[in-house]
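For reference, the sequence and a predicted model appear below.
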Amino acid sequence: KALAVYAQGEVKKIVLSRAMDVELDAPIAYDTVLADLLRRNAHGYTFAVPCWAEGNQAEPAAVMLGASPELLVRREGTRVFINPLAGSIPRHADPQEDQARKNGLAISEKDLREHSYVVNDIVRILREHCSTLDVPPGPSVIGTDALWHLSTFIAGELKDPAMTALDLACKLHPTPAICGFPTAQAFGHIQALEPFDREYFAGLVGWQRECGD
């Protein structure tokens, strides 16, 4: 159905997902899993966030664990930093093949095109809220343990010093990296095509100081 939507020419990118429920025979040892994620993702953003059910329960109903290499927003005073990733390829155990995959990703027409959708849309939004922007002419390739990613690191100066990290994050989310392009049309198709509610999945997670950083 998504391919049929593409053929109509209304959208250029739709990021579809699938959900998987796994039933275990014992409770998850969250501390152990978190420590493993931190070890495997030393340069990424790893989190363990309590999720409360509706009502005033004393204990959280669950814990949301995850690790992402992607930075949606960091604010330091009036400076903001954004690092979108789009376009990926699995790493390989053989060093030569791994390097070949990295080199191939850097020149992949398909991945560069999809990456440009994400960066261009983020820059469009940032221009409304930033007096200056530093945007590299093209992406670089960064690696995690599992994947190579196309990455663009963007820096800007906020027009309004009262705008917080969360304020800007809500302007940017969802980016075409997790939704599609154009975002509004892609989001509508995702709601029609996916047979489940994403809920927390593909949301944003982080922390903010009282000053808005």
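That came in fine, so what should we check first?

For the helix ranked longest in the chain, name the packing helices and strands.
Determined from DSSP state H, the single longest helix within the chain is helix 109-129. When contacts are defined as 3 or more Cβ pairs under 8 Å, 6 or more residues apart in numbering; DSSP states H and E, helix 109-129 sits against strand 79-83, strand 85-90, strand 130-134, strand 147-151, strand 154-158, helix 165-172, strand 180-181. In short, each C-beta sits where N, CA and C put it, glycine included.

Work out the gap between it and the centre of the chain.
13 Å (Cα atoms, centre = their mean, to the nearest Å).

Tell me what angle that helix forms with strand 130-134.
150 degrees (axes from the mean of the first three to the mean of the last three Cα atoms, to 10 degrees).

Please save the CA atoms from helix 109-129 in CSV.
Output of helix 109-129 as CSV, limited to C-alpha atoms (Å, rounded to 0.1, in the frame of the first residue of the first chain):
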residue,chain,number,x,y,z
GLU,A,109,22.5,8.1,-4.3
LYS,A,110,19.4,6.6,-2.5
ASP,A,111,20.7,7.2,1.0
LEU,A,112,22.1,10.7,0.2
ARG,A,113,18.7,11.7,-1.2
GLU,A,114,16.8,10.4,1.8
HIS,A,115,19.3,12.1,4.1
SER,A,116,18.7,15.4,2.3
TYR,A,117,15.0,15.2,3.0
VAL,A,118,15.7,15.0,6.7
VAL,A,119,18.3,17.8,6.8
ASN,A,120,16.4,20.2,4.5
ASP,A,121,13.3,19.9,6.6
ILE,A,122,15.1,20.4,9.9
VAL,A,123,17.0,23.4,8.5
ARG,A,124,13.6,24.9,7.2
ILE,A,125,12.3,24.7,10.8
LEU,A,126,15.5,25.9,12.4
ARG,A,127,15.5,29.0,10.2
GLU,A,128,12.3,30.2,11.8
HIS,A,129,13.9,30.1,15.3
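
Please state the mean pLDDT value computed over it.
Mean pLDDT, helix 109-129: 95.

which parts of that helix are buried?
By 16 or more other Cβ atoms under 10 Å, the buried positions in helix 109-129 come out as 111-112, 114-119, 121-123, 126, 129.

Which among the helices and strands packed on helix 109-129 is found nearest to Ala7?
strand 180-181 (15.1 Å; Cβ to Cβ).

Which secondary structure elements does the closest one sit against?
With contacts defined as 3+ Cβ pairs under 8 Å, 6+ apart, strand 180-181 has these neighbours: strand 13-14, helix 109-129, helix 183-193.

one more time with 6 Å
strand 13-14 (3 or more Cβ pairs under 6 Å, 6 or more residues apart in numbering; DSSP states H and E).

So which elements touch the strand it packs on?
Here strand 13-14 touches strand 180-181, going by 3+ Cβ pairs under 6 Å, 6+ apart.

Just checking: what are the partner strands of the strand it packs on?
Sheet pairing of strand 180-181 (DSSP bridges) gives strand 13-14 (antiparallel).
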